[in-house]
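S.K.: Next one to model:
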Amino acid sequence: MNRPCPYFGVTDGSGDIRILNVPADEHNSSVRHERLGQQQAHVTVPLNGEAAVTFDFVKTEPTTVSV
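M.R.: Below is the predicted model:
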């Protein structure tokens, strides 16, 4: 059974997001872009600290195929 995750957010105008009060532990993080897909990363949140994860979405040019 999947439970809703209380740790989520929406990017700001710069494409950044800050999620507060995530407990210290190992976590799997995923982000989704409506046109560029989904990416995942593993992150360790230390006690009394913060962690950062960077996701890079790359827009690809359409490919033309001649037959």
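
S.K.: Only C-alpha atoms from now on, for both contacts and neighbour counts.
M.R.: Will do.

S.K.: what residue lies at the spatial centre of this structure?
M.R.: Nearest to the geometric centre of the chain sits Val31, at 3.1 Å (CA atoms, centre = their mean).

S.K.: Surely it and Thr54 touch.
M.R.: No. Counting by CA atoms under 8 Å, Val31 stays clear of Thr54, with 10.3 Å between them.

S.K.: Pass me the low-pLDDT residue ranges in the chain, would you?
M.R.: Residues of the chain meeting the criterion pLDDT under 70: 1-3, 63, 65-67.

S.K.: could you pull out the strands for it?
M.R.: Per DSSP state E, the chain carries strands over the ranges 25-33, 37-45.

S.K.: Format these as CSV; extra columns: distance to Pro4.
M.R.: Converted to CSV, the strands of the chain look like this (distance: least, CA to CA, whole Å):
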stretch, distance to Pro4
strand 25-33, 14
strand 37-45, 17
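
S.K.: quick one, which of the ones you listed is nearest to Glu61?
M.R.: For Glu61, the closest of the strands of the chain is strand 37-45, at 14.8 Å, according to CA to CA.

S.K.: Let me know the angle separating that closest one from strand 25-33.
M.R.: 160 degrees (axes from the mean of the first three to the mean of the last three CA atoms, to 10 degrees).

S.K.: Same question for strand 37-45: list its buried residues.
M.R.: Residues of strand 37-45 classed as buried by neighbour count (16 or more other CA atoms under 10 Å): Val45.

S.K.: Let the chain start at 25 from now.
M.R.: Renumbered: residue one is now 25, and that last one reads strand 61-69.
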